[in-house]
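Novice: Show me the folded form of this:
(one chain, ligands or ions: 1)
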Amino acid sequence: MEYIKFCGTTICERLHRTKFLRSFSENDKYTPSDADMSLKQGSGTGKVHFGGLDDVSLYGTPVEPAPPAPDAKQGFLRNQLQALFQPTDNKLAMKLFGSKKALMKERIRQKAAGHWVIHPCSSFRFYWDLCMLLLLVANLIILPVAISFFNDDLSTRWIAFNCLSDTIFLIDIVVNFRTGIMQQDNAEQVILDPKLIAKHYLRTWFFLDLISSIPLDYIFLIFNQDFSENFQILHAGRALRILRLAKLLSLVRLLRLSRLVRYVSQWEEVYFLNMASVFMRIFNLICMMLLIGHWSGCLQFLVPMLQGFPPNSWVAINELQEAFWLEQYSWALFKAMSHMLCIGYGRFPPQSLTDMWLTMLSMISGATCYALFLGHATNLIQSLDSSRRQYREKVKQVEEYMAYRKLPREMRQRITEYFEHRYQGKFFDEEVILGELSEKLREDVINYNCRSLVASVPFFANADSNFVSDVVTKLRYEVFQPGDIIIKEGTIGNKMYFIQEGIVDIVMANGEVATSLSDGSYFGEICLLTNARRVASVRAETYCNLFSLSVDHFNAVLDQYPLMRRTMESVAAERLNKIGKNPNLVAHREDDTTSEGNTINAVVNALAAEAEHVSLSDDSVARLSERSLGLALQPLQAASCRMAGVALPGLGVAAALPRPKSEHDFSSTQAQPPSLSSVGAAFHKSDAGIAP
Ligand code: CMP
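Specialist: Numbering: from 1, shown residues only. As a prediction, the model looks like this:
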């Protein structure tokens with residue numbers, strides 16, 4: 001029988017496993033068809049390969065070597081079983097390997113490790129662990145009750161239950177010897193070598209698992225029976241003592257708790273992340289507390305029972321020796337819980353020494369559980385709203401600082417208000433958070449965060465998305481309070497601002513408010529364009545949420561998008577003109593003697609004028625009629641749009657023009673060319689209600 005090794009995609013594998021496999025098992029020979037002509041015969045090995053490729057598919061994905069064609073149903077079963085032992089793309093595997101490709105590689109690695117090694121990420125291990133978890137919980141609840149409250153140590157159902165669970169736990173040891181071992185979160189470190197697995201297991205949990213699985217009590221009883229029969233000294237009293245010892249030995253099974261803790265913590269890690277994991281931990285802790293309470297209750301009864309219920313024991317005092325087991329259990333549990341929660345001693349305080357020691361034991365275990373529970377619950381509550389906690393801590397620190405520096409009351413008030421407005425009750429180190437993201441993700445998050453700004457700033461709204469993204473990723477969020485001087489006239493500027501929310505006044509040297517800008521507008525650009533000093537002061541009228549762009553970023557971005565620079569320059573020139581300063585201060589405006597520069601500006605102005613349906617007068621801009629512009633500049637317009645990435649679909653679409661908005665035209669009385677004034681009005685939507 002020939003062994004076919006396909007090096008293709010999954011389809012090839014499936015093909016092999018179904019059609020080809022079937023034909024082999026039926027006919028036990030292979031006849032090459034036309035389609036198989038590209039297959040080449042592996043020299044001497046009887047293997048057939050796809051030309052040139054070996055362990056890698058056409059797409060670079062490693063391909064599982066196809067299994068040898070089975071010659072019987074047994075082979076099929078074996079394959080199925082082995083597939084069950086292989087890692088599947090479950091949550092654990094994906095967490096460990098990250099991709100399906102890596103998972104495929106791991107499958108190959110596992111195959112190489114040996115046929116009967118179970119991968120920790122396999123479906124088999126998942127279901128096995130699940131079953132073990134259920135069995136463990138059942139064991140840990142039923143065993144103490146049966147040992148303490150039932151005297152049927154040698155009854156058939158009790159022996160059957162014990163034998164069945166002991167057998168399964170022994171099988172678990174065998175399974176553990178064949179299960180790969182995960183070390184940390186490193187896929188490469190899954191130990192798959194059977195020898196290493198055995199060594200690791202022997203060094204760690206093996207002995208505890210073994211002791212908790214061996215039916216020591218039965219072994220002891222069997223040996224004792226032989227001994228007693230041989231020497232004929234089995235008295236009733238001795239038999240009782242032997243049974244009691246067997247009972248104590250059977251308590252060893254409770255060491256299975258270690259397995260429960262192991263399995264639960266492993267599941268917790270993989271299947272419950274972040275918040276869920278904290279809740280899960282609390283849930284586990286509550287379950288553990290209840291389990292310890294249950295055990296303690298059983299122990300409260302077991303000890304007096306082993307002593308033969310002395311008259312001063314709590315069982316005798318409560319006259320529970322002959323009561324129904326549920327009544328005995330309820331009183332025992334009540335007593336244990338009372339100690340554990342430090343509420344009392346149950347019905348009566350301990351009278352005997354044994355009772356007192358038992359009470360102390362359950363008090364200690366209860367207090368420990370209680371402390372652990374409190375710790376975890378506090379942790380949970382804190383992690384529920386860590387940003388709010390951080391904010392409170394920050395505010396507390398600031399308050400202490402203000403007191404330490406003895407700041408005046410009014411300043412303290414302003415600082416507190418600033419914090420409230422700036423952080424809104426939550427504190428995030430946004431730079432650190434964003435810095436930890438991938439570049440693409442960071443860009444996406446920033447773009448998303450700035451969506452309202454981009455939508456409200458016409459300068460962005462109609463610009464190329466690349467330009468917007470370039471600018472937006474470099475913005476810094478800043479908050480100013482009413483009355484703050486954001487920009488001081490005559491100073492050297494190193495950033496410009498976009499207004500997300502709020503109103504600012506442009507204040508002249510004589511204190512006169514030239515205009516007001518609000519949401520979606522920008523200011524501080526003239527200084528960056530001209531490399532001169534600030535031409536006016538800018539004062540916050542209300543709380544202002546601004547985004548600043550530093551001069552370096554400003555120049556870097558605008559160098560790449562020259563038309564955006566021109567647009568800004570044209571607006572700047574107009575602003576300068578409005579406040580009675582020389583519009584030629586703006587460098588490019590001055591240099592724009594080229595026909596291209598003129599025409600771009602003309603296009604910009606004409607479009608803006610059209611946007612507001614302002615009839616142009618006989619000034620320089622109006623001289624360019626819409627029609628003639630349209631005809632003369634169409635090729636140029638297309639080119640400049642491409643160059644700058646501005647969406648200018650046609651001369652008739654004024655909305656495409658990126659403009660600042662919300663500027664308040666203050667200077668209708670000022671001496672300036674009427675044409676520019678009217679164009680200015682067209683550029684800047686007046687913000688009713690904020691008139692100076
Ligand atoms: P800059 O000179 O850097 O600093 C002051 C800013 O006020 C200035 O840039 C412009 O952005 C802005 N500004 C000046 N005059 C006006 C105006 N008439 N309309 C709107 N904004 C203006």
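
Novice: Now residue 88. Nearest residue, chain neighbours left out?
Specialist: Leaving aside its sequence neighbours, residue 88 sits nearest to residue 123 (Cβ to Cβ, 6 or more residues apart in numbering; 5.1 Å). In this view, the C-beta of every residue, glycine as well, is placed from N, C-alpha and C.

Novice: if I read this right, the one you found contacts residue 81, doesn't it?
Specialist: No. Applying Cβ atoms under 8 Å as the test, residue 123 and residue 81 come out as separate, 11.2 Å apart.

Novice: Have a look at the two and say which one is more surrounded.
Specialist: Counted by other Cβ atoms under 10 Å, residue 123 and residue 81 do not tie: residue 123 has more neighbours, with 16 against 12.

Novice: who are the neighbours in contact with that one?
Specialist: Going by Cβ atoms under 8 Å, 6 or more residues apart in numbering, residue 123 touches 84, 88, 90.

Novice: And the residues you listed, which is closest to the ligand?
Specialist: residue 90 (58.4 Å; Cβ to the nearest ligand atom).

Novice: host element of residue 201?
Specialist: If you go by DSSP states H and E, residue 201 is part of helix 194-203.

Novice: Tell me which residue in this structure sits closest to the ligand.
Specialist: For the chain, Cβ to the nearest ligand atom, closest residue to the ligand: residue 527, 2.9 Å.

Novice: Low-confidence stretches in this structure?
Specialist: For the chain, residues meeting the criterion pLDDT under 70 lie at 1-74, 115, 152-154, 184-189, 224-243, 269-276, 587-692.

Novice: cutoff 50 now
Specialist: 1-64, 70, 231, 233, 589-593, 595-596, 599, 603, 606-607, 609-692 (pLDDT under 50).

Novice: The ligand contacts on that one?
Specialist: 487, 493, 506, 514-515, 517, 523-527, 534-536, 538, 575, 578-579, 663 (Cβ under 6 Å from any ligand atom).

Novice: Inside helices: which ones of those residues?
Specialist: Judged by DSSP state H, these include 525-527, 575, 578 as members of helices.

Novice: Quick check: the two most widely separated of those?
Specialist: Of all pairs drawn from those, the one with the longest distance (Cβ to Cβ) is 527 and 578, at 16.1 Å.

Novice: ok, and residue 559, which helix or strand is that part of?
Specialist: Going by DSSP H and E, residue 559 is in helix 551-560.

Novice: related to what we said a few turns ago, can you list the neighbours in contact with the helix holding residue 201?
Specialist: So helix 194-203 is in contact with 113-114, 117, 176-181, 191, going by Cβ under 8 Å, 6+ apart.

Novice: Could you dump these into TSV and include distance to residue 252, secondary structure and neighbour count?
Specialist: Formatted as TSV, the contacts of helix 194-203 follow (distance: Cβ to Cβ, whole Å; DSSP: H, G, I helix; E, B strand; the rest coil; neighbours: other Cβ atoms under 10 Å):
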residue	distance to residue 252	secondary structure	neighbour count
113	34	helix	18
114	33	coil	13
117	30	coil	22
176	18	helix	20
177	21	helix	16
178	25	coil	16
179	24	strand	23
180	29	coil	25
181	25	strand	17
191	29	strand	19
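
Novice: now the strands for this structure?
Specialist: 3-4, 39-41, 47-50, 476-480, 485-487, 495-501, 504-507, 513-517, 522-523, 537-540, 544-550 (DSSP state E).

Novice: would CSV of the ones you listed with mean neighbour count and distance to residue 144 be doable?
Specialist: Listed next are the strands of the chain as CSV, based on neighbours: other Cβ atoms under 10 Å; distance: least, Cβ to Cβ, whole Å:
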stretch, mean neighbour count, distance to residue 144
strand 3-4, 18, 56
strand 39-41, 14, 65
strand 47-50, 17, 60
strand 476-480, 17, 60
strand 485-487, 17, 73
strand 495-501, 22, 65
strand 504-507, 24, 74
strand 513-517, 23, 76
strand 522-523, 22, 74
strand 537-540, 21, 71
strand 544-550, 21, 63
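
Novice: if we can go back for a sec, can I have the buried ones of the contacts of residue 123 as a ChimeraX selection?
Specialist: Per 16 or more other Cβ atoms under 10 Å, the buried members of the contacts of residue 123 correspond to this ChimeraX selection:
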select :88,90
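
Novice: Distance check, residue 518 against residue 539.
Specialist: Residue 518 sits at a distance of 13 Å from residue 539 (criterion: Cβ to Cβ, to the nearest Å).

Novice: any residues in contact with both of those two?
Specialist: residue 504.

Novice: how near is residue 203 to residue 196?
Specialist: Counting by Cβ to Cβ, the gap from residue 203 to residue 196 is 11 Å.

Novice: Between these two, point out the one with more neighbours.
Specialist: residue 196 (13 against 9).

Novice: Now do the contacts for residue 484.
Specialist: 539-540, 544.

Novice: any chance you could read off phi and psi for it?
Specialist: For residue 484, the backbone dihedrals are phi -70, psi 140 (criterion: degrees, to the nearest 10).

Novice: wait, doesn't residue 423 sit right on residue 393?
Specialist: No. Residue 423 lies out of contact with residue 393 (Cβ under 8 Å); the separation is 11.8 Å.

Novice: if you count what's nearby, which of these two comes out ahead?
Specialist: Set residue 423 next to residue 393 and count neighbours by other Cβ under 10 Å: residue 423 wins out with 17 against 11.

Novice: Excluding chain neighbours, what is closest to that one?
Specialist: Per Cβ to Cβ, 6+ apart, closest to residue 423 is residue 391, 5.6 Å.

Novice: gap between the one you found and residue 405?
Specialist: In terms of Cβ to Cβ, residue 391 sits 21 Å off from residue 405.

Novice: In terms of neighbours, single out the busier of these two.
Specialist: Using other Cβ under 10 Å as the criterion, residue 391 and residue 405 rank with residue 391 on top: 19 against 9.

Novice: Tell me if I'm right that that one and residue 427 touch.
Specialist: Yes. At 3.9 Å, residue 391 counts as touching residue 427 under the criterion of Cβ under 8 Å.
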